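all I have is the shape, not the residue letters:
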């Protein structure tokens, strides 16, 4: 994506799954992070508290 505006690239492309970038992150935590990046068709976690709880649950 050389030459493309980096902000536009973030907005127009789907996020690369965390485990595709590094296998060092445990799968439950990677799942939470990947879900947090979902914003189409709607945001997965509706509040910071919901996201915080999912993070906590993934590491406990």
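Happy to help now that I have it. Note that the coordinates shown come from a computational prediction; the quantities given were computed from them, not determined experimentally. Numbering: from 1, shown residues only.

give me the distance from the least confident helix or strand in the chain by mean pLDDT to the chain's centre.
Lowest by mean pLDDT, DSSP states H and E among the helices and strands of the chain is helix 6-12, with a mean of 83. Helix 6-12 has its C-alpha centroid displaced from the chain centroid by 15 Å (C-alpha atoms, centre = their mean, to the nearest Å).

likewise for stretch 51-60?
14 Å.

and if you look at stretch 34-50?
8 Å.

pLDDT (mean, whole number) over that stretch?
Averaged over stretch 34-50, pLDDT sits at 92.

quote the end-to-end distance of it.
14 Å (C-alpha to C-alpha, to the nearest Å).

now that stretch: buried residues?
34, 36, 45 (16 or more other C-beta atoms under 10 Å). Bear in mind the C-beta positions are built from the backbone N, C-alpha and C, glycine included.

what sits up against that stretch?
With contacts defined as C-beta atoms under 8 Å, 6 or more residues apart in numbering, stretch 34-50 is touched by 14-15, 17-18, 51, 54.

narrow the residues you listed to those that are buried.
Using 16+ other C-beta under 10 Å, the buried ones in these are 18, 51, 54.

mind listing which of those are in helices?
Among the buried ones among the contacts of stretch 34-50, the ones falling in helices (DSSP state H) are 18, 51, 54.
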